[in-house]
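A.B. asks: got a predicted structure plus its sequence, pasted below:
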Amino acid sequence: MTTASGISKKLVVAPQVAQGTVAVQALATAQFMRRVTSSFDLTKETYQSNEMRADRQIGDFRHGVQSADGTIAGELSPGTFELLMAGILRRDFTTAAVGGPDSDVTAAITSGASGTFTSAATATFLTDGLKVGDVGRWTGFDDTEILNNGRNFVITALTELIMTGTFLDGDPVDEGAEDQAVTFTLVGEKTWTPALSHTEDWFTIEHEFSDLSLSEVFWDAKPNTMAFKLPASGIATIDIGLMALRYEREPDGTSPWFTNVVAASSTGLLASIDGFVSVGGTEIALLTGIDFDIAAGITSEGVVGSNVKPDLFDGRIQVKGNMTLFFESGTMRDYFADETEVAVTVIITDNSDSDSEFLAFTMPRVKMGGSSKDDGEKGIVQTMPFVALFNTSGDDGTTTTVDSLATTLSIQDSTL
């Protein structure tokens, strides 16, 4: 007798065209999903009879409204979870902005790998749609500034004529003035929770137990929670909670259900040793860990006459987290004490190369919720919970001449 094994189970995630329609078998965008674990099960409300009987026994037990919820736990990598990231933020990934071409740009070092790119007159960085937290690469530098080309550069401050930021590889800016046209192009694609025109994405999830030739398909699903953990030592992880309305066993007697599945991503895993965190535009060098959660606030209710709930109702997007860091100045503590709002950018790369793949997360308006400090025969660590808020002063698609988006959280994936 064959027993199902976890190593033989395959996880497929596919977008649906609409609620109430399981993703078609030959869907070209169905994708094998990398995972550590994936747990989905049919559950039902149950009702036991309270009838008083002369035989002094229980007369009946009934099944009620069903749910089909689950979780996907994985190790974080670019180009792997973008469907579900876009689903929970309620906006598709789109091509990132391009700044330029601009002439008469001067590159200068401020400290370490940080520096500025200043245009004499022609740049329109804000009008072009660039934002603080964006990661891009320069092209067009030659002669003495050629080393600026092709390297990941994160923007930490921005005006129309001056771009301030840091090269993620840790090497300094290649100083000099370039009179030829140069271009700053963001890498990959971005998504964020928009102020308007939210999408509503539905998914079909398949567990194929290939050693048994059996499948379980969960559909009319939405991502409801997403937790990111970025330890100082170890691989970054992601945990995704999904809610689903419907469940089928071997639909149409077929296993597997999906017959045209895109291969799982093969991008490198992300580890915090290759990363960058800035708070209020300043890199935090002594961070010992950061985690943050996205909650979509989805709810559902049963109705009379059906064992399937009719819908999943979206709630507000909430983002909160914690960071821990060595206590080496009063700056971070004072953000909490003074209730100062700051931007937070977190970037994790798959290696230390100048053009490494990455995921970047930007929260343009964050408030700290505490600043507790531990004690002992070691470096003192302060723990700072935080909440990300809707950036009401950001660009909502109608006003581009600001340095941030009208959102709570944006995500940039270099591989898309």
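C.D. replies: Sure thing, it's come through. Numbering: from 1, shown residues only.

A.B. asks: pLDDT score for Thr288?
C.D. replies: At Thr288, the pLDDT value in this model is 88.

A.B. asks: cool, Tyr335 as well?
C.D. replies: On pLDDT, Tyr335 comes in at 96.

A.B. asks: what's the separation between it and Asp291?
C.D. replies: 18 Å (CB to CB, to the nearest Å). From N, CA and C alone the C-beta is placed, and that goes for glycine too.

A.B. asks: of the two, who's got more company?
C.D. replies: Tyr335 (20 against 16; other CB atoms under 10 Å).

A.B. asks: ok, then the element right after the helix or strand containing the more buried one?
C.D. replies: Taking DSSP states H and E as the definition, one finds Tyr335 inside helix 331-337. For helix 331-337, the following helix or strand on the C-terminal side (DSSP H and E) is strand 342-349.

A.B. asks: so for that following strand, mean pLDDT?
C.D. replies: 96.

A.B. asks: and the pLDDT at the nearest residue to Thr166 once chain neighbours are set aside?
C.D. replies: If the residues on either side of it in the chain are set aside, Thr166 comes closest to Ser114, at 4.5 Å by CB to CB, 6 or more residues apart in numbering. In this model, Ser114 is scored at 93, pLDDT.

A.B. asks: try the one 5 residues further on
C.D. replies: Predicted confidence (pLDDT) at Ser119: the value is 88.

A.B. asks: list the beta-bridge partners for it.
C.D. replies: With DSSP bridges applied, Ser119 shows beta-bridge pairing to Val105.

A.B. asks: got the end-to-end distance for stretch 175-184?
C.D. replies: 16 Å (CA to CA, to the nearest Å).

A.B. asks: that stretch: how far from the chain's middle?
C.D. replies: Put simply, stretch 175-184 sits 33 Å off its chain's centre (CA atoms, centre = their mean, to the nearest Å).

A.B. asks: with stretch 147-155 instead?
C.D. replies: Worked out by CA atoms, centre = their mean, stretch 147-155 lies 23 Å from the chain centre.

A.B. asks: flag every buried residue along it.
C.D. replies: Within stretch 147-155, the residues scored as buried using 16 or more other CB atoms under 10 Å are Leu147, Asn148, Asn149, Arg151, Asn152, Phe153, Val154, Ile155.

A.B. asks: any idea of the mean pLDDT in that stretch?
C.D. replies: Mean predicted confidence for stretch 147-155 is 95.

A.B. asks: ok, and what's touching it?
C.D. replies: With contact meaning CB atoms under 8 Å, 6 or more residues apart in numbering, stretch 147-155 is reached by 107, 130-141, 163-169, 171, 173-174, 184, 187, 276, 278, 345, 347, 349, 354-356, 358, 360, 414.

A.B. asks: could you identify the helix or strand that succeeds the longest strand along the chain?
C.D. replies: Ordering each strand of the chain by length in residues (DSSP state E) puts strand 214-231 first. Per DSSP H and E, the first helix or strand lying C-terminal to strand 214-231 is strand 237-249.

A.B. asks: shaky segments in the stretch 101-250 of the chain?
C.D. replies: For the stretch 101-250 of the chain, not a single residue meets the criterion pLDDT under 70.

A.B. asks: hang on, the earlier thing: TSV please, covering the buried residues of stretch 147-155 and showing distance to Ala406 and secondary structure.
C.D. replies: Below are the buried residues of stretch 147-155 laid out as TSV (distance: CB to CB, whole Å; DSSP: H, G, I helix; E, B strand; the rest coil):
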residue	distance to Ala406	secondary structure
Leu147	36	helix
Asn148	31	helix
Asn149	32	strand
Arg151	29	coil
Asn152	25	coil
Phe153	24	strand
Val154	21	strand
Ile155	17	strand
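
A.B. asks: give the contact list for Thr408.
C.D. replies: The contact partners of Thr408, taken as CB under 8 Å, 6+ apart, are Thr193, Ile317, Gln318, Val319, Met363, Arg365, Ala388, Leu389, Phe390, Asn391.

A.B. asks: in helices, which of these fall?
C.D. replies: Within the contacts of Thr408, no residue falls in helices by DSSP state H.

A.B. asks: phi and psi next, for Pro251.
C.D. replies: phi -50, psi 130 (degrees, to the nearest 10).

A.B. asks: thought it was touching Trp257?
C.D. replies: Yes. With contact defined as CB atoms under 8 Å, Pro251 reaches Trp257; the gap is 5.4 Å.

A.B. asks: which of those two has more neighbours?
C.D. replies: Legend: neighbour count by other CB under 10 Å for Pro251 and Trp257, higher for Trp257 (26 against 16).

A.B. asks: gap between that one and Ser210?
C.D. replies: Distance of Trp257 to Ser210, given as CB to CB: 12 Å.

A.B. asks: quick check: chain neighbours aside, which residue is closest to Val342?
C.D. replies: Excluding the flanking residues, the one nearest Val342 by CB to CB, 6+ apart is Gly280, at 3.9 Å.

A.B. asks: next one: Asp350
C.D. replies: Leaving out its chain neighbours, the residue that sits closest to Asp350 by CB to CB, 6+ apart is Gly268, at 3.3 Å.

A.B. asks: over to Ser278?
C.D. replies: Nearest non-adjacent residue to Ser278, counting by CB to CB, 6+ apart: Thr345, 4.8 Å away.

A.B. asks: from memory the one you found sits against Val366, does it?
C.D. replies: No. Thr345 is beyond contact range of Val366, at 10.2 Å (criterion: CB under 8 Å).

A.B. asks: return the set of buried residues in stretch 238-249.
C.D. replies: Ile238, Asp239, Ile240, Gly241, Leu242, Met243, Ala244, Leu245, Arg246, Tyr247, Glu248.

A.B. asks: can I see the domain layout of the chain?
C.D. replies: For the chain, automatic domain parsing gives the domain ranges 10-45+63-94+193-413, 99-186.

A.B. asks: make TSV from those and add distance to Thr2 to it.
C.D. replies: Formatted as TSV, the domains of the chain follow (distance: least, CB to CB, whole Å):
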stretch	distance to Thr2
domain 10-45+63-94+193-413	6
domain 99-186	48
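
A.B. asks: which of those domains sits closest to Glu51?
C.D. replies: Closest approach to Glu51 among the domains of the chain is made by domain 10-45+63-94+193-413 (17.1 Å; CB to CB).
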